[in-house]
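[1] whatever this is, show me its structure:
(chains A and B)
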Amino acid sequence: MRIVVGIKWVPNTQAVRFDPKTGTLIRTGVPAIVNPHDLPAAELALRLKDEYGGEVIVLTMAPPPAVQGLEHILGMGADRAVLLTDRAFAGADTLATSYVIAQGIRKIEEEWGPVDLAVFGQETIDSSTAHIGAQVASWLGWPYIYYVKKAWLQDGRLRVVRQLESAVEEFEVSTPAVVSVAMKALKARPVRLSYKLRAKLENPITVWTNKDLGLDPRCVGLKGSPTIVSKVTYLPEVPRKKIVYKPKDPRDAARWILAQLFSDEKTREALYKALWGGA
Amino acid sequence: MVRVDCSKLCPEWPCEQPDEFKHVWVIAEATEEGVSEASLQMLTPALEIARKLDSKVVGVLLGYNVSRHADTLIKHGADEVIVVDDIMLSEYYPEVYGQVVVDLARKYKPEVILIAATMRGREMGPYIANTLRAGITADCTDFDVDEKTRDVLLIRPPFAAIMLAYIKTPFRRPQIGTARPNVFPVPPADESRRGEIKFEKTSILTARSKLISRKILKREEIPIEKAEIIVSGGKGVGGPDGFKLLEELASILGGVVAGSRKAVDAGWISHERQVGQTGKSVKPILYIAVGISGAAQHMIGVREATRIVAINIDPEAPIFNQADYGVVGDYKEIVEALIEELRRLKEAGPGAVEELIREYTQQAQAVGQG
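    Numbers count the residues shown, from 1 in each chain, chains lettered A, B, ... in the order given. All right, here's what the predicted structure looks like:
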């Protein structure tokens, strides 16, 4: 199987802090990481390779520093990496991003042969749209499926198990296909030094700019993006009472909480209902 | 009116002017039992957008043996319903359902499409938008309309859960957005409402995927989005045993247990009980946050909670600045004491509450607000 894994090099949003004094985000020193939800996707691809052979190619569209992210996946055992990078790609929304990624997959097919599967993480931590998998499938005209926890081949066909809100489903999906892997579905294998060294020596990272892809500049980046962010505001703070109590002992803590909740008209009724079925 | 200069447009996109498009669509998920509540909820923003655009709300109902549910959409506010009732749609496959919506949208040209961001909605939505070469905005928490340009503002929290982005697609139609379940209420039903129901066919003959099996998961517990009282645990709870204690507290309060991302990552509670940006938004009357530090990514999920109680050992935890009532201390001891006090009160009856309140009235005044 030839499997492409798409990843995103993202700011670690968990490290972004809010400065209440200035009312701004503190972004300085926020490290970039491989989107954590992409790691189960890489793991799924590598397990399929372990089981059935073939190659795993990791792909991203990003400015050059994202090479570090590609190296991480190479360190997990991916065979090749492709960086799609060009100033013309900047400012892309998910439609323009997925267009470049889909064309990158087409070029991978020209260079190294047909791709059986494109695997993505369920969503990114910095924007959480969950768009890219379905959009790439739309550009390529491939079937696709989200929330996959397990994948294998049965009689030469792809089988997946996925979980929805209240059902577990097993599908047979004809390939080539796009699969998005559920968050936390699989624990990613660690990066191995030997793989990293090999990656350094063999330099398996291919860089394609728009000269290589030859895409119409009207279809990529800001120009190829139908959505426009017209403004950004901070979320207004929710008014809260903010009463903090330092209790004498646990019993005091418990009784104080309950006294507040029983004398608060917003919560009183719910508590009466919970304890005695009504007021 | 010519607003889009076709020579500037990506040739992969059909060149269309915004004024060729009309009506606000809601894509309805349905089974033989009925239209999903999440889809009915999308009628609330749809009706508001349609009012501002002086337009109509059209429900789009896909499936097999679902025609009789078209009325439900009308009663809850849709002016029209387009039904595609076909055996080909008896099983849901994202690119099949997506393609049916795409074909309908090419024929009718809706100005706006709203889709409930259920797991299937989040799967199907971007396929529909992309195939139409239209923009899509996921997980909107609000919508507004620029009445002059007829641009819909799709409002979503995009980054670090602190900021709101107002997104629009001034040169593309339809304008497509999704919203998570329970962000909007179901509009009240009016049994006397009548509306036109149109039947459409699909030209799709085969699916490239095949459902092999479906196992329905038993859900005996109330989903956290619907709970009135939630006891939620974070990293500070320390392990699965701590969650058993929270379970006990939730049970005596008739509530449910939820958790933060860190608790879910640690495997102490399932992802479907996760509150926050990558989990669910909840709106209980009472949210008891135990051992939760109060990161913005978590707090965005409890904005709609009526009251928040915080129990945390760290007096500097940001949660105390975002809660109504906070106590500093060891959560285990405090939760145990809460369980005991609640049992005692339950036994003693409502009369015992007066005494408790009297005991703490003066103290509360002494502590004050702020």
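[2] correct me, but residue A:220 touches residue A:210?
    Yes: between residue A:220 and residue A:210 there is a contact under Cβ atoms under 8 Å: 6.8 Å. (C-beta placed from N, C-alpha, C; glycine too.)
[3] quick one: which of these two has more around it?
    residue A:220 (26 against 19; other Cβ atoms under 10 Å in any protein chain shown).
[4] mind listing what that one touches?
    A:86, A:88-89, A:92, A:96, A:99-100, A:210 (Cβ atoms under 8 Å, 6 or more residues apart in numbering or on different chains).
[5] of those residues, which belong to helices?
    Assigned to helices by DSSP state H, the following of these qualify: A:96, A:99-100, A:210.
[6] which residues are in contact with residue B:239?
    By Cβ under 8 Å, 6+ apart, the neighbours of residue B:239 are B:266, B:268.
[7] residue A:200 now?
    Contacts of residue A:200 by Cβ under 8 Å, 6+ apart: none found.
[8] got it, and the one 10 residues further on?
    Taking Cβ under 8 Å, 6+ apart, we find residue A:210 in contact with A:86, A:88-89, A:217, A:220.
[9] okay, it: pLDDT?
    On pLDDT, residue A:210 comes in at 98.
[10] how near is the closest residue to residue A:182 other than its chain neighbours to residue B:349?
    Distance criterion Cβ to Cβ, 6 or more residues apart in numbering or on different chains; nearest residue to residue A:182, sequence neighbours excluded, is residue A:147 at 4.6 Å. Going from residue A:147 to residue B:349 by Cβ to Cβ, to the nearest Å gives 48 Å.
[11] neighbour count winner among the two?
    Taking neighbours as other Cβ under 10 Å, residue A:147 and residue B:349 compare with residue A:147 leading, 23 against 10.
[12] Validate this expectation: that one resides in a strand.
    Yes: with DSSP: H, G, I helix; E, B strand; the rest coil as the criterion, residue A:147 is part of a strand.
[13] now do the contacts for it.
    With Cβ under 8 Å, 6+ apart, residue A:147 has these contacts: A:122, A:162-164, A:180, A:182, B:119, B:123.
[14] please apply the same query to residue A:205.
    A:67, A:70-71, A:74, A:80-83, A:199.
[15] my guess is residue B:240 meets residue B:259, correct?
    No: assessed by Cβ under 8 Å, residue B:240 is found out of contact with residue B:259, at 10.9 Å.
[16] what residues are shared contacts of these two?
    Common neighbours of residue B:240 and residue B:259 (Cβ under 8 Å, 6+ apart) are residue B:268.
[17] and those two? which has more neighbours close in?
    For residue B:240 versus residue B:259, neighbours defined as other Cβ under 10 Å are more numerous around residue B:259 (32 against 12).
[18] skipping its backbone neighbours, what lies nearest the more buried one in space?
    Residue B:259's closest residue in space is residue B:269 (Cβ to Cβ, 6+ apart), at 3.8 Å.
[19] how far off centre is stretch A:46-60?
    In terms of Cα atoms, centre = their mean, to the nearest Å, the centre of stretch A:46-60 is set 18 Å apart from its chain centre.
[20] in that stretch, what's buried?
    A:46-49, A:54-60 (16 or more other Cβ atoms under 10 Å in any protein chain shown).
[21] for stretch B:127-144, same thing?
    Counting neighbours by 16+ other Cβ under 10 Å, stretch B:127-144 gives B:127-141, B:143-144 as buried.
[22] okay, and which of those map to helices?
    Per DSSP H, those map to helices at B:127-131.
[23] could I get these as TSV with pLDDT?
    Putting those into TSV (pLDDT from 0 to 100) gives the following:
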residue	pLDDT
B:127	98
B:128	98
B:129	98
B:130	98
B:131	98
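[24] name the nearest of these relative to residue A:278.
    The closest of these to residue A:278 turns out to be residue B:128 (Cβ to Cβ; 46.9 Å).
[25] correct me, but the closest one touches residue B:98?
    Yes: under the criterion of Cβ under 8 Å, residue B:128 makes contact with residue B:98 at 4.9 Å.
[26] show me where the stretch 51-200 of chain A has helices.
    A:67-76, A:94-112, A:132-140, A:193-202 (DSSP state H, counting those that start in this stretch).
[27] okay if I get those helices as JSON lines plus mean pLDDT?
    Shown next, in JSON lines, are these (pLDDT from 0 to 100):
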{"stretch": "helix A:67-76", "mean pLDDT": "96"}
{"stretch": "helix A:94-112", "mean pLDDT": "98"}
{"stretch": "helix A:132-140", "mean pLDDT": "98"}
{"stretch": "helix A:193-202", "mean pLDDT": "86"}
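[28] can you tell me which of the contacts of residue A:220 has the most neighbours?
    residue A:99 (29 neighbours).
[29] isn't residue A:148 right up against residue A:180?
    Yes: judged on Cβ under 8 Å, residue A:148 makes contact with residue A:180 at a distance of 6.6 Å.
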